[in-house]
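> sequence first, predicted model second:
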Amino acid sequence: MLRTALEFLRDELNLYIKRKDPVNFAGTADNVTLSSLMKPDGTSAISMGDADAFKIVITLINLEEDRITESQIYRKVNDKIQVVNPPVNINAFVLFSVFANNYSTALRLLSYIISFFQTNAVFDSEQFPQMNVNASKPWEQIDKLLATMHSTTFEQQNNLWAALGAKYMPSVIYKIRTISFTDFEPKMEAPPITEVTISDN
């Protein structure tokens, strides 16, 4: 589910930038990538090539549960009543970093990221059918994503980049809600009640 959501945002952002600025980016390769900033060994996970190279890096930095209900869900499947646990709704905090050898290019791309989410604050599966690429796995299906910019103080920003082990790059954080995780395996299954008998005893 997380992978589906973030890969969808990666692909849509890449298309948006090429459409927004075809002169500078239409002919370039897909330069929006989903990646950590550092490898486990402490070296940079982002490699830059020539002097004009750039990359927009999408990195998951935090998750929080957005609990709406704790009630169990009842559904009818093949003439049986199943009880499943309620979905777990997740808010993902996602860092969009711009790595560019040319600082002006980095600022331009950062502006495009912000305008992308200003244009598309809500992504739903009807408007974006490409959001769900694997229809055979209903637990990976996304109904809707909502994106809001998440502001941080200078201290929080400094702590974040220190925790990531990377040098600061032009960046912005978005809170992506709601990614819903549902396990469709029933916790209980029984035939439906078809009649009620009242005893006089």
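Everything's here; your move.
> could you list the low-pLDDT ranges of the chain?
Low-confidence segments of the chain, defined by pLDDT under 70: 49-52, 67-79, 81-86, 133-140, 179-201.
> identify the single longest helix in it, thanks.
helix 2-20 (DSSP state H).
> and it, what does it pack against?
strand 32-34, strand 54-65, strand 88-100, helix 103-119, strand 122-124, strand 144-149, strand 171-181 (3 or more Cβ pairs under 8 Å, 6 or more residues apart in numbering; DSSP states H and E). Heads up, the C-betas are built off the backbone N, CA and C, glycines and all.
> which residues touch the following helix or strand past it?
For helix 2-20, the succeeding helix or strand toward the C-terminus, using DSSP states H and E, is helix 22-25. For helix 22-25, the surrounding residues in contact (Cβ atoms under 8 Å, 6 or more residues apart in numbering) are Ile17, Lys18, Asn31, Arg108.
> for the second one, what are its contacts?
Listed by Cβ under 8 Å, 6+ apart, the contact partners of Lys18 are Phe25, Ala26, Thr28.
> between the residues you listed, identify the one with the most neighbours.
Counting by other Cβ atoms under 10 Å, Phe25 has the largest number of neighbours within the contacts of Lys18, with 20 neighbours.
> including mean neighbour count and distance to Leu164, could the helices and strands packed on helix 2-20 go into CSV?
Output for those, formatted as CSV (neighbours: other Cβ atoms under 10 Å; distance: least, Cβ to Cβ, whole Å):
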stretch, mean neighbour count, distance to Leu164
strand 32-34, 17, 15
strand 54-65, 17, 7
strand 88-100, 20, 8
helix 103-119, 16, 17
strand 122-124, 14, 26
strand 144-149, 16, 19
strand 171-181, 19, 10
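> reformat these into JSON lines and put distance to Met48 next to each item.
Listed next are those as JSON lines, based on distance: least, Cβ to Cβ, whole Å:
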{"stretch": "strand 32-34", "distance to Met48": "12"}
{"stretch": "strand 54-65", "distance to Met48": "7"}
{"stretch": "strand 88-100", "distance to Met48": "6"}
{"stretch": "helix 103-119", "distance to Met48": "11"}
{"stretch": "strand 122-124", "distance to Met48": "30"}
{"stretch": "strand 144-149", "distance to Met48": "26"}
{"stretch": "strand 171-181", "distance to Met48": "16"}
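> right, and the ones you listed - which one's nearest Met1?
strand 171-181 (5.5 Å; Cβ to Cβ).
> relative to strand 144-149, how tilted is the closest one?
Interaxial angle, strand 171-181 versus strand 144-149 (axes from the mean of the first three to the mean of the last three Cα atoms, to 10 degrees): 160 degrees.
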